[in-house]
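Asks: Build me a model:
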Amino acid sequence: MNKEELEQYLKNNDIDVQNANSVFIVADIVYAAYVESEKVHGVPYTPVCSYFYGDSNNFYQLLDKKNVNKVAQKVYADFLKDPKSFDKKIEAHEGLAEDVDSIWAEYQAGLKNGSADLANSFKKFVDKSREWWHYGVIGEDKGAVISNEVAPNFEKRHGFSKEEAQQIIGILSHPTEQSVLNQERKKFLEMCLYIATNPKLKEKIVSGAYDKAATEVSLAEMINDYIRQYFWVKTDFCDSGIITAETLLQDSAKELASNSDIAGEINRIDDSLAKIKEEQKKIMGSLTLSKEDEADIFFSRKTALWIDRRKLGMMKQVYYLIAFVKDVAKIYGLPYREAAFYSVDEMIGLLQGNGAKDNGLSKEGGFVVYETGKKHRIFYGSDGWKFLELAKRVEGGSELKGMIASKGDGSVVEGVVRIVANPQSDKFAEGDILVTSMTRIEFVPLMRKARAIITNEGGIACHAAIVSRELGIPCIIGTKVATETLKSGDRVRLDMRTGIVSPL
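Replies: Model prediction:
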């Protein structure tokens with residue numbers, strides 16, 4: 001795709017724009033897989049674009065909405081023809097995740113006994129990870145197929161209004177087991193509660209004697225179990241934090257100092273899911289369900305669960321990838337950020353002795369285009385910026401409206417907006433209304449403090465929808481332009497009956 005073709009493509013297509021922080025090699029693993037994913041779902045998925053700023057880790061994911069929706073619709077249509085087709089995809093995806101874990105475990109074992117083959121292990125990891133992402137692309141609609149296909153079915157069959165159907169399906173589609181991130185939070189809090197109820201142990205931790213505290217048998221078991229399951233939890237698309245017994249106990253000390261109701265928070269986590277289950281039971285008891293209804297509910301709930309588990313596989317793989325890159329950077333004397341902006345092919349070339357190459361993205365930034373069967377292409381400078389502006393063009397409109405993902409406790413919410421792009425550094429206070437492009441794992445601490453949440457993107461099973469329902473926080477998703485229309489400090493009213501956000 002040359003400049004003229006790319007310009008026409010961006011002008012003529014509706015682009016799903018998501019803003020986050022990332023290094024290039026993470027995106028290169030994913031998007032090279034996306035444009036070859038037709039072999040899994042049967043829908044052509046090309047091109048895929050992204051933009052990197054260069055002077056920061058800020059980037060935009062730019063996907064063709066038509067492709068995103070077609071994949072989700074195709075998977076749903078395949079399910080209606082043969083429900084087993086859905087299970088087969090999920091099982092294949094889970095099997096690939098296990099394969100990736102095994103490759104990482106073998107590499108780590110090799111490091112311990114001095115037999116690690118970095119080049120071979122990295123290549124095996126890339127190949128298997130990209131196979132995983134062939135299936136991972138299916139979740140890119142964040143469950144929008146549920147609101148676009150399933151909810152209208154309920155609306156027609158039962159005579160609901162559009163809003164009623166969306167609300168009912170939103171509740172019924174929620175998984176009947178806790179989200180991965182709530183499971184992590186609960187396990188961490190249980191460890192904190194154990195410390196809090198053991199005065200001598202608490203004294204050691206509060207005083208900083210972490211090494212002595214970590215030898216206590218029951219606590220050591222809790223620490224090891226937590227790290228085994230959630231070693232990836234401090235990972236984002238730019239870097240990863242290594243969790244050790246000491247860092248975990250440091251976090252526990254902070255939690256003990258700031259949280260006076262640890263037992264209460266654990267109960268609220270359990271109660272939130274129990275409340276959702278009770279709502280589901282109440283709705284199911286009030287409806288006369290057809291076989292079509294039951295199939296739709298099964299599909300919706302399983303889709304939401306799959307998308308949640310997709311986060312787990314994604315974050316583990318990003319953790320592994322970043323660790324590989326750090327090992328390469330150390331061996332070859334490269335700054336981590338420079339190595340992290342290599343493409344996969346450039347990294348493999350370096351490991352095969354072809355020397356270090358700088359593609360310029362870490363300093364200059366650029367617009368990257370992936371097409372099926374082709375090497376990615378980068379447009380730098382003014383060309384790249386022009387393409388980004390075309391992709392993220394905002395259509396005007398006086399009303400800001402989205403889909404209600406979680407009603408919370410009231411019908412109207414008022415408060416002060418805080419736009420957050422980087423949850424690690426952007427200011428955010430307790431009770432602010434969180435406004436962002438989309439939420440990710442690193443947003444969860446802010447989400448717990450938020451009065452309400454508004455996002456540009458998202459479907460009924462997106463991260464913001466699942467987490468906000470479990471937290472009981474009002475949330476409006478899919479506004480498209482919230483981060484462009486609102487600004488930090490604005491006072492707004494959220495109507496949780498209509499999904500309309502209006503100024504105060």
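Asks: From now on I want contacts and neighbour counts done on CA atoms only, so please keep to that.
Replies: OK.
Asks: And the residue nearest the centre of the protein?
Replies: Nearest residue to the geometric centre of the chain (C-alpha atoms, centre = their mean): Arg440, 4.3 Å.
Asks: pLDDT weak spots in the chain?
Replies: 394-398 (pLDDT under 70).
Asks: That one: strands as residue ranges?
Replies: 15-21, 48-52, 58-64, 366-370, 377-379, 400-401, 403-406, 412-419, 433-436, 452-455, 475-477, 491-495, 500-503 (DSSP state E).
Asks: And for Asn267, the neighbour number?
Replies: When neighbours are defined as other C-alpha atoms under 10 Å, Asn267 has 12 of them.
Asks: quick revisit: from the strands of the chain, which stretch is densest packed?
Replies: strand 475-477 (a mean of 30; mean count of other C-alpha atoms under 10 Å).
Asks: In stretch 326-346, which residues are buried?
Replies: The neighbour-count check on stretch 326-346 (16 or more other C-alpha atoms under 10 Å) flags 326, 328-329, 336-344, 346 as buried.
Asks: Hmm, the residue nearest to the centre of the chain is touching His463, no?
Replies: Yes - using C-alpha atoms under 8 Å, Arg440 is in contact with His463, at 6.5 Å.
Asks: Outline the domain layout of this protein.
Replies: Domain assignment for the chain by automatic domain parsing gives 3-139+306-391, 180-270, 400-503.
Asks: How far does the shortest one stretch from one end to the other?
Replies: What that stands for is domain 180-270. 13 Å (C-alpha to C-alpha, to the nearest Å).
Asks: That one: how far from the chain's middle?
Replies: Taking C-alpha atoms, centre = their mean, to the nearest Å, one finds the center of domain 180-270 at 23 Å from the center of the full chain.
Asks: State the distance from Asn455 to Ala465.
Replies: In this structure residue 455 is Thr, not Asn. Applying C-alpha to C-alpha to Thr455 and Ala465 gives a distance of 10 Å.
Asks: Now do the same contact list for the residue nearest to the centre of the chain.
Replies: 463-464 (C-alpha atoms under 8 Å, 6 or more residues apart in numbering).
Asks: Run through who's touching stretch 465-483.
Replies: 174, 179, 182, 269, 272-273, 276, 394, 400-409, 413, 419, 435-437, 444, 447-448, 450-460, 464, 496, 499.
Asks: again with stretch 76-83
Replies: With contacts defined as C-alpha under 8 Å, 6+ apart, stretch 76-83 is touched by 85-86, 145, 295, 299.
Asks: How far away from the center of its chain is it?
Replies: Centre-to-centre, stretch 76-83 and its host chain are 26 Å apart (C-alpha atoms, centre = their mean).
Asks: show me where the stretch 201-350 of the chain has helices.
Replies: For the stretch 201-350 of the chain, applying DSSP state H, counting those that start in this stretch gives helices covering 210-213, 217-230, 245-258, 262-286, 291-332, 336-340, 344-351.
Asks: farthest residue from the center of the chain?
Replies: For the chain, the residue at maximal distance from the C-alpha centroid (C-alpha atoms, centre = their mean) is Lys200, at 39.1 Å.
Asks: From Glu292, how far off is that one?
Replies: 59 Å.
Asks: ok, back up a step: columns distance to Ala116 on top of the strands of the chain, output as JSON lines?
Replies: Listed next are the strands of the chain as JSON lines, based on distance: least, C-alpha to C-alpha, whole Å:
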{"stretch": "strand 15-21", "distance to Ala116": "31"}
{"stretch": "strand 48-52", "distance to Ala116": "33"}
{"stretch": "strand 58-64", "distance to Ala116": "33"}
{"stretch": "strand 366-370", "distance to Ala116": "32"}
{"stretch": "strand 377-379", "distance to Ala116": "33"}
{"stretch": "strand 400-401", "distance to Ala116": "53"}
{"stretch": "strand 403-406", "distance to Ala116": "47"}
{"stretch": "strand 412-419", "distance to Ala116": "45"}
{"stretch": "strand 433-436", "distance to Ala116": "41"}
{"stretch": "strand 452-455", "distance to Ala116": "44"}
{"stretch": "strand 475-477", "distance to Ala116": "45"}
{"stretch": "strand 491-495", "distance to Ala116": "55"}
{"stretch": "strand 500-503", "distance to Ala116": "55"}
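Asks: Of the ones you listed, give the one that comes closest to Leu287.
Replies: strand 403-406 (21.2 Å; C-alpha to C-alpha).
Asks: Verify the stated contact: Thr235 with Tyr319.
Replies: Yes - at 6.1 Å, Thr235 counts as touching Tyr319 under the criterion of C-alpha under 8 Å.
Asks: who has more neighbours, these two?
Replies: Tyr319 (23 against 20).
Asks: and the more buried one, what does it touch?
Replies: 232, 235, 239-240.
Asks: Recalculate using a threshold of 6 Å.
Replies: Shown in contact with Tyr319 (C-alpha atoms under 6 Å, 6 or more residues apart in numbering): Trp232.
Asks: Kindly report the same for Pro423.
Replies: The contact partners of Pro423, taken as C-alpha under 6 Å, 6+ apart, are Phe443.
Asks: What's the local residue count around Phe231?
Replies: With other C-alpha under 10 Å as criterion, Phe231 counts 19.
Asks: Just want the phi and psi numbers for it.
Replies: phi -60, psi -20 (degrees, to the nearest 10).
Asks: One more: Asp82?
Replies: According to degrees, to the nearest 10, Asp82 has phi -150, psi 100.
Asks: do you know how far it is from Glu371?
Replies: To Glu371, Asp82 is 31 Å away according to C-alpha to C-alpha.
Asks: Between those two, point out the one with more neighbours.
Replies: A side-by-side neighbour count of Asp82 and Glu371, using other C-alpha under 10 Å, places Glu371 first with 19 against 11.
Asks: Isn't Pro47 up against Gly373?
Replies: No - between Pro47 and Gly373 there is no contact under C-alpha atoms under 6 Å: 10.6 Å.
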